[in-house]
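In: when you get a sec, could you give me coordinates for this:
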Amino acid sequence: MTGRALFPFPRRSQALARTAAGLACVLGAGVLAGCTPTDQRPAGATSVRGAESARPVEPTAGMAFDYQIGGGYRPSSEVEAVSRDREDEPADGLYNVCYVNAFQTQPGELKWWEDNHPGLLLRDRDGEPVIDEGWDEVLLDTSTADRRTRLAEIVGGWIDGCADSGFQAVEPDNLDSFERSHGELTKAHNAAFAEMLARRAHDAGLAIGQKNTTDLLPEHEKIGFDFAVTEECAQFDECGAYADAYDDRVFAIEYEGEGDVGFDESCSTWGNRISLVLRDLGVLPAEEKGHVFRSC
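Out: Below you'll find the model as predicted:
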């Protein structure tokens, strides 16, 4: 079972204006800031980094964490790691995780897929797109080796962009899309695609996180995941499974008002092992009404 939030709120910010590139040093790795927009990278781009890339740096267990995929803002002073959308800027001096919607279309981007890659959208037996109703996102088709290769060229370009921007890691979301595919996809399909993304991330010098999906924990080493990003693992009694699999290298998000397990109880149980944070369902920036942020 996935620990994913149950209600449809935006999980990424709108594209921000690019600022001038500069050098940042995070955990001893020098990386170049400044993101390459999706539409400026050739659709067929493949990784040419290989040995030229820095060795991926895994997060440290217990790092104070903030989940900012709804829009970046100045983290509180105790925060050591953040996750932000791939079109956002990394936070200076912190461990930065790049959010990429790798297995479904982003809201507002369906037309781009229909115009450029209609054959990569998952369709049912009547030829209609298969939609994740909770988020109004069409699933991407990972069902064949050819489609996975073509998808990896696109998503791999985004991953390279994360590295170019100065992120240290990537979290490809919707790994569990096979659960919403009405039988059109299998766990094996998504595991095979995730393995391709892990190789691409490592080639780019990025660590890669498993996003939810305890069903794939037994395969996490084969796939190549380095850490986990989980949603509501305390509510679903999954935190221990992730912590054991990843030696406590787990960024865990609980959502305000969701479930029966209070955040204080979650912190009491898991706060000494994993990086646990409470956020609002909309993961809103700090200046917006309704923003919630607490850590253990």
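
In: in this structure, where's the longest helix?
Out: Assignment by DSSP state H gives helix 145-165 as the longest helix of the chain.

In: where do the helices sit along the stretch 1-150 of the chain?
Out: 110-116, 145-165 (DSSP state H, counting those that start in this stretch).

In: just these: most buried one?
Out: Highest mean neighbour count of these: helix 145-165, a mean of 21 (counted as mean count of other Cβ atoms under 10 Å). Using the backbone N, CA and C atoms, a C-beta is placed for each residue, glycine as well.

In: relative to the following helix or strand past that helix, what are the paired strands and their orientations?
Out: Next helix or strand after helix 145-165 toward the C-terminus (DSSP states H and E): strand 169-173. Strand 169-173 pairs in its sheet with strand 95-101 (parallel), strand 207-211 (parallel), by DSSP bridges.

In: can you give the distance of the last one from its chain's centre?
Out: By that I understand strand 207-211. Remark: strand 207-211 is offset 7 Å from the chain centroid, using Cα atoms, centre = their mean, to the nearest Å.

In: any idea of the angle it forms with helix 145-165?
Out: Going by axes from the mean of the first three to the mean of the last three Cα atoms, to 10 degrees, strand 207-211 is angled at 120 degrees with respect to helix 145-165.

In: try the longest one
Out: Strand 95-101 runs at 150 degrees relative to helix 145-165, counting by the same axes, to 10 degrees.

In: so where do the strands sit in the stretch 51-200 of the chain?
Out: Here the stretch 51-200 of the chain has its strands, by DSSP state E, counting those that start in this stretch, at 65-67, 81-85, 95-101, 131-132, 137-138, 169-173.

In: any idea how far residue 63 is from residue 277?
Out: Noted for residue 277: a distance of 11 Å to residue 63, by Cβ to Cβ, to the nearest Å.
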